[in-house]
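S.K.: Model the structure of this input:
(one chain, ligands or ions: 1)
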Amino acid sequence: MRGPSPLQIFYGGTFDPIHDGHLAIACAARDELGADIRLMPAADPPHRPAPGADAGQRAEMVALAIAGIDGLVLDRRELQRADAQPQMPSYSIDTLRQIRHEVGPRVPIALLIGADSLIGLPDWREWRALFDLTHFVVAPRPGSPLDGELRPPLQQQLDGRWLGSPTALLASAAGGVYRLHQPLQPESASEVRRRIAAGQGWEQLLPAAVAAYIRQHRLYLTSAQS
Ligand code: ATP
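M.R.: Residues are numbered from 1 along each chain as shown. Okay, here's the model as predicted:
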């Protein structure tokens, strides 16, 4: 059993659907950083139908996937905000401001993301301001090298932020970047959706309870949903 850690780790994503790659990363981060991981499904974008499963279904699948796994927790805050403000798009910067407001200025917060998400960070709303609010914990991902071909503004932003050990995440409330030491996980949600629509084997890519939910609700059967 882990003792309580002051570090709060949030793992946001569409989770459409959650798969074994997500769980492997969450468990690796939990074990390496010694803190609970809060999985935070994104809300549906306003003004258009959900692309695959809707937000409620995606959150239910996350709950099924983490049931009985120590240290993984479902955080519904983005869905709750969307329920309260259905016309407003949901941005990570707003979520992080809400979390920072709740925990205060000194508690260390980290956002767990895959390397592909880190590479796309300059496209996020107010992306530079995120570093004032949170640390980043980055999971390597096949095809998304962490070093090398980063866009210059991102490279500049990351310079001097890389942390050598997990304990360094506790030394400040935000602003560091830590690379997770875990094997590369090949799974992706788009591959799961593609395989379901194509009638190829997919159940082995995610937990059995999530596979049963997908079959029961007949999700992802057409490629238009991918
Ligand atoms: P899609 O294939 O539709 O892009 P996804 O599998 O990347 O979906 P998301 O919900 O978009 O799933 O991912 C949530 C977060 O998990 C992102 O930060 C993403 O980079 C990361 N992630 C997902 N799968 C992996 C993986 N296999 N290895 C490393 N990071 C991953």
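S.K.: near the ligand, which residues of this structure show up?
M.R.: Counting by C-beta under 6 Å from any ligand atom, the residues of the chain close to the ligand are 13-15, 21-22, 25, 113-114, 116-117, 139, 141, 185, 187-190. The way it works is simple: take the backbone N, C-alpha and C, and place the C-beta from them, glycine included.
S.K.: can I assume Ala63 is in contact with Asp75?
M.R.: No - Ala63 is beyond contact range of Asp75, at 11.0 Å (criterion: C-beta atoms under 8 Å).
S.K.: the bottom helix or strand of the chain by mean pLDDT?
M.R.: helix 77-84 (a mean of 90; mean pLDDT, DSSP states H and E).
S.K.: Now do it: which elements does it pack against?
M.R.: strand 37-41, helix 55-66, helix 92-103 (3 or more C-beta pairs under 8 Å, 6 or more residues apart in numbering; DSSP states H and E).
S.K.: what's the most buried one of those?
M.R.: strand 37-41 (a mean of 25; mean count of other C-beta atoms under 10 Å).
S.K.: Mean confidence (pLDDT) on that strand, please.
M.R.: Averaging pLDDT along strand 37-41 yields 98.
S.K.: any low-confidence regions in this protein?
M.R.: 1-3, 48-51, 147-148, 224-226 (pLDDT under 70).
S.K.: Can you name the residue of the protein nearest to the ligand?
M.R.: Gly114 (2.1 Å; C-beta to the nearest ligand atom).
S.K.: My guess is that residue contacts Ala139. True?
M.R.: Yes - applying C-beta under 8 Å as the test, Gly114 and Ala139 come out as touching, 5.1 Å apart.
S.K.: between the two, which one's more packed in?
M.R.: The residue with more neighbours, out of Gly114 and Ala139, is Ala139; 27 against 22, by other C-beta atoms under 10 Å.
S.K.: now that one, nearest residue through space, not along the chain?
M.R.: Among residues not flanking Ala139 along the chain, Ile25 sits closest, at 4.4 Å (C-beta to C-beta, 6 or more residues apart in numbering).
S.K.: Number of residues surrounding the nearest residue to Pro166 once chain neighbours are set aside?
M.R.: Once flanking residues are discounted, Pro166 sits nearest to Leu33: 4.9 Å by C-beta to C-beta, 6+ apart. Residues lying near Leu33 (other C-beta under 10 Å) number 22.
S.K.: Then Val107?
M.R.: 14.
S.K.: where's it, which helix or strand?
M.R.: Using DSSP states H and E, Val107 falls within no helix or strand.
S.K.: any idea how far it lies from Ser144?
M.R.: Val107 is 29 Å from Ser144, where distance means C-beta to C-beta, to the nearest Å.
S.K.: next one: Ala26
M.R.: Noted for Ala26: a distance of 18 Å to Ser144, by C-beta to C-beta.
S.K.: Compare neighbour counts for those two and give me the winner.
M.R.: Neighbour tally, Ala26 and Ser144, criterion other C-beta under 10 Å: the higher count belongs to Ala26, 25 against 17.
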